[in-house]
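Novice: just need the structure, nothing else, for what follows:
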Amino acid sequence: MAGIRIEGLEELEKRLKKNATLSDVKRVVRKNGARLQSRAQRNAPVGTPASTGIPGYVGGTLKRSIELDIVNGGMAAEVEPTAEYAAYVEYGTRFMNAKPYLKPALEEVEPEFKADMQKLVK
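Specialist: Take a look at the predicted model:
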């Protein structure tokens, strides 16, 4: 659902070969992926008995469903909620206003990720 795309990969690859190792890149990807997961979980709304109208309701399913997967041999991180209704919360429906939690987390982490990658190529 959310991800970070690197433009200018060829130039980055040349500089990385000169200044950093792939394990350095994988470390940055893992660190920022975990940061994205944490911020998305922090932002995810949690239902309450008052908000749902269901006595004894225990919320937090969406928050707990946000997972981090490190893929492509450690070169990419995927942060994705697995709750079936996750997109409805993020984008809203005609009956419910959006309560974005994933996009704001990505917008918060993206500059940090780019800065960490910049440090590797200097």
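
Novice: from what I see, residue 100 and residue 90 are in contact.
Specialist: Yes: between residue 100 and residue 90 a contact is recorded at 5.5 Å, counting by CB atoms under 8 Å. In this view, the C-beta of every residue, glycine as well, is placed from N, C-alpha and C.

Novice: neighbour-wise, which of the two wins?
Specialist: Set residue 100 next to residue 90 and count neighbours by other CB atoms under 10 Å: residue 90 wins out with 20 against 16.

Novice: any idea how far residue 10 is from that one?
Specialist: 33 Å (CB to CB, to the nearest Å).

Novice: which one in the protein is furthest away from the centre?
Specialist: Distance from the C-alpha centroid of the chain, by CA atoms, centre = their mean, peaks at residue 55 (32.1 Å).

Novice: longest single helix anywhere in the protein?
Specialist: Longest helix in the chain by number of residues (criterion: DSSP state H): helix 22-43.

Novice: and that helix, what does it pack against?
Specialist: helix 9-19, strand 66-71, strand 76-81, helix 102-121 (3 or more CB pairs under 8 Å, 6 or more residues apart in numbering; DSSP states H and E).

Novice: okay, buried residues for that helix please.
Specialist: Buried positions in helix 22-43, judged by neighbour count with 16 or more other CB atoms under 10 Å: 25-26, 28-29, 32-33, 35-37, 39-41, 43.
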